[in-house]
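Asker: How does the following fold in three dimensions:
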Amino acid sequence: MKFSKFGQKFTQPTGISQLMDDLGDALKSDQPVNMLGGGNPAKINAVNELFLETYKALGLDNDAGVPNSSAIISMANYSNPQGDAAFIEALVGFFNRHYDWNLTAENIALTNGSQNAFFYLFNLFGGAFSDKSNTDNQTVDKSILLPLTPEYIGYSDVHVEGQHFAAVLPHIDEVTHEGEEGFFKYRVDFEALENLPALKEGRIGAICCSRPTNPTGNVLTDEEMARLAEIAKRYEIPLIIDNAYGMPFPNIIYSDAHLNWDDNTILCFSLSKIGLPGMRTGIIVAAPEVIEAVSAMNAVVNLAPTRFGAAIATPLVADDRIKQLSDDVIKPFYQQQAKTAITLLKKELGDYPLVIHKPEGAIFLWLWFKDLPISTSELYETLKEKGTLIVPSEYFFPGVDVSDYKHAHECIRMSIAADEQTLTDGIAVIGEVVRGLYDEAK
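Answerer: Next comes the predicted model:
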């Protein structure tokens with residue numbers, strides 16, 4: 001059977017498809033697997049209990065057990081392509097209450113998960129543009145500028161045709177964490193960014209960053225964000241910020257950071273990392289013209305976004321329980337998970353060339369094995385054979401030719417969302433394999 005170019009693009013192997021396939025195979029395996037590779041959030045009892053309580057309340061108007069007809073009507077009907085109106089109104093109130101952004105319903109659209117949102121946004125702002133100044137009606141190919149790589153694996157293949165990314169490699173600074181050596185931090189190389197030919201020549205359609213960054217847990221500072229916003233305005237392109245792990249929910253950020261929005265900024269949020277990944281609910285906050293475009297794409301691709309996640313989250317957003325849950329339960333949980341994982345890693349590999357990216361947020365640790373004798377793609381295969389899943393680093397550099405960039409083959413992303421026993425067992429396997437590789441190379 002022959003596929004079009006569109007079909008061929010989406011049927012070829014990709015980093016994200018390999019990751020999801022391996023995770024699915026692990027879940028079906030009859031052998032125990034240390035799941036340290038995926039982005040699934042942790043199972044936190046307090047979180048699950050609140051969602052179950054909210055879910056049960058959807059079906060009842062009161063304690064007498066009278067069916068909630070409005071909830072049934074909501075989930076038994078399509079929303080309009082912009083998304084569930086009640087949830088959007090709750091979000092407008094929430095953001096205006098906490099950030100004073102003066103939003104209206106025209107500033108928010110829902111999508112079937114944030115991956116869906118980035119498929120829309122990257123195709124809206126990356127790819128072929130009509131050059132109105134050219135009388136021959138030629139097109140200009142524009143890219144999405146990633147100011148700091150490594151970046152999210154799921155960005156790489158969302159363009160309908162080809163890949164349209166420009167990326168800047170980071171400054172790497174050695175830092176301490178809680179008084180300990182053995183950590184580093186990525187920072188934006190603004191000199192390289194500002195001198196990027198594609199930016200100067202008008203071949204950038206948008207700037208995009210995740211905060212905190214998936215895969216590294218890096219949190220761009222307020223100063224870095226302000227400078228990116230200024231550059232975006234100067235070149236009349238939007239700044240897209242992926243808050244899947246960030247403020248205000250699930251707020252897995254440990255450093256001092258603030259969230260800002262204006263008409264030139266597009267903020268993306270998700271219900272996945274607060275514990276509802278199966279609901280596939282993404283949120284876009286942007287200028288009305290962007291919301292109109294996203295809504296039109298929703299109509300063609302999905303008819304309308306799913307309403308189930310919106311139904312669960314609406315009361316939690318309306319009364320701020322979602323913020324309380326994020327601040328008091330979710331963030332402290334992952335902060336403790338990071339400490340536990342670092343202690344285990346130091347125990348296993350304290351005398352070996354392991355450097356850990358400073359944990360500033362998200363649900364991962366980013367491990368750098370300096371001068372590892374094999375690539376981390378090969379390490380990935382070895383660990384998978386031993387029942388431990390991680391993700392190798394080379395997939396996290398969209399827009400970069402990593403063939404000659406050694407660092408891109410020496411890191412792994414390790415999830416810290418697993419229970420303590422899985423963390424302990426998985427890190428023990430990583431330690432055993434990595435120690436053996438270094439020892440053999442001596």
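
Asker: ok, the residue nearest to Ile144 when sequence neighbours are not counted to Lys233 distance?
Answerer: Excluding its sequence neighbours, the residue lying closest to Ile144 (CB to CB, 6 or more residues apart in numbering) is Gly126, at 4.5 Å. In this view, the C-beta of every residue, glycine as well, is placed from N, C-alpha and C. The gap separating Gly126 from Lys233 is 19 Å, by CB to CB, to the nearest Å.

Asker: So those two - more neighbours on which side?
Answerer: Gly126 (26 against 15; other CB atoms under 10 Å).

Asker: Show me the domain layout of the chain.
Answerer: For the chain, automatic domain parsing gives the domain ranges 13-46+325-441, 71-322.

Asker: nearest to Tyr55, of the ones you listed?
Answerer: Taking CB to CB, domain 71-322 is the member of those nearest to Tyr55, at 6.1 Å.

Asker: What average pLDDT does that closest one get?
Answerer: Taken as a whole, domain 71-322 has a mean pLDDT of 94.

Asker: Identify the residues contacting Ala85.
Answerer: By CB atoms under 8 Å, 6 or more residues apart in numbering, the contact set of Ala85 is Ser79, Ala105.

Asker: how does it look with 10 Å?
Answerer: Ser74, Ser79, Ala105, Leu110, Arg307, Ala310 (CB atoms under 10 Å, 6 or more residues apart in numbering).

Asker: now Ile430
Answerer: Shown in contact with Ile430 (CB under 10 Å, 6+ apart): 34, 36, 344-345, 348-349, 354, 367, 369, 379, 383, 386, 388, 390, 412, 414.

Asker: quick one: which of those residues is nearest Gly205?
Answerer: Ile412 (31.3 Å).

Asker: how near is the residue nearest to that closest one when sequence neighbours are not counted to Asp256?
Answerer: Take Ile412 and drop its neighbours on the chain: the residue closest to it by CB to CB, 6+ apart is Ile390, 4.6 Å away. Distance of Ile390 to Asp256, computed by CB to CB: 30 Å.

Asker: ranges for the helices of the stretch 151-300 of the chain?
Answerer: 190-194, 197-200, 222-234, 288-301 (DSSP state H, counting those that start in this stretch).

Asker: The residue nearest to Ile144 contacts Val140, correct?
Answerer: No. Assessed by CB atoms under 10 Å, Gly126 is found out of contact with Val140, at 11.4 Å.

Asker: what's the neighbour count on the closest residue to Ala232 other than its chain neighbours?
Answerer: Using CB to CB, 6+ apart and skipping the chain neighbours, the partner closest in space to Ala232 is Leu239 (4.0 Å). Neighbour count of Leu239, defined by other CB under 10 Å: 24.

Asker: Fine by me, thanks again.
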